[in-house]
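Visitor: I would like to see how this sequence folds:
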Amino acid sequence: QEKVQRINEELTKRTNELLEAQQLAQMGSFYWDMQSKGKSILTPMVLEIFEMEKTSNLENFIQDVHPDDRARLNEAITNALQQDGQYECEYRYCRNNKNKVI
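Guide: Below is the predicted model of the structure:
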């Protein structure tokens with residue numbers, strides 16, 4: 001049981017280091033579980049970057065993407081699902097009547 005406690009302490013330490021590094025770099029990370037209708041797991045910086053108060057599912061998230069960029073983002077996500085699960089796509093995100101390039 002002591003070994004499990006040490007491992008958990010080390011994992012907590014590493015998680016905190018990752019979150020601090022993301023905050024310093026002004027970046028975040030997220031995971032969409034596509035088997036559960038696109039439910040997301042994300043780091044606190046993602047909420048800050050996207051000016052969100054809570055997590056969002058994929059369908060709701062895409063509604064805040066600029067209409068002219070939605071097709072490109074959907075295509076990138078579709079390609080990722082058919083390949084390795086990762087994508088890179090630049091798009092405008094509209095929230096609180098402000099546009100951000102992501």
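Visitor: Please make it C-alpha for all contacts and neighbour counts, starting now.
Guide: Fine.
Visitor: and the spatially most central residue of the chain, what does it touch?
Guide: Geometric centre of the chain, nearest residue: Phe30, 2.7 Å, by Cα atoms, centre = their mean. Residues near Phe30 by Cα atoms under 8 Å, 6 or more residues apart in numbering: 40-43, 46.
Visitor: Restricted to buried residues, select those in PyMOL.
Guide: The buried residues among the contacts of Phe30 can be selected in PyMOL (16 or more other Cα atoms under 10 Å) with this line:
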select buried, resi 40+43+46
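Visitor: Please identify the one among the contacts of Phe30 that lies nearest to Ile62.
Guide: Ser40 (12.5 Å; Cα to Cα).
Visitor: Tell me the spacing between the closest one and Asp33.
Guide: 6 Å (Cα to Cα, to the nearest Å).
Visitor: which neighbours do the two share?
Guide: Among the neighbours of Ser40, none is also in contact with Asp33 (Cα under 8 Å, 6+ apart).
Visitor: on that earlier part again, next, check the contacts of Phe30 against the strands and list the overlap.
Guide: Using DSSP state E, the subset of these located in strands is 40-42.
Visitor: Put together a markdown table for those residues, with distance to Glu90 and pLDDT on each row.
Guide: Shown next, in a markdown table, are the ones in strands among the contacts of Phe30 (distance: Cα to Cα, whole Å; pLDDT from 0 to 100):
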| residue | distance to Glu90 | pLDDT |
| --- | --- | --- |
| Ser40 | 19 | 78 |
| Ile41 | 20 | 83 |
| Leu42 | 19 | 86 |
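Visitor: now, which of those residues sits nearest Thr78?
Guide: The shortest approach to Thr78 among the ones in strands among the contacts of Phe30 belongs to Ser40, at 16.4 Å (Cα to Cα).
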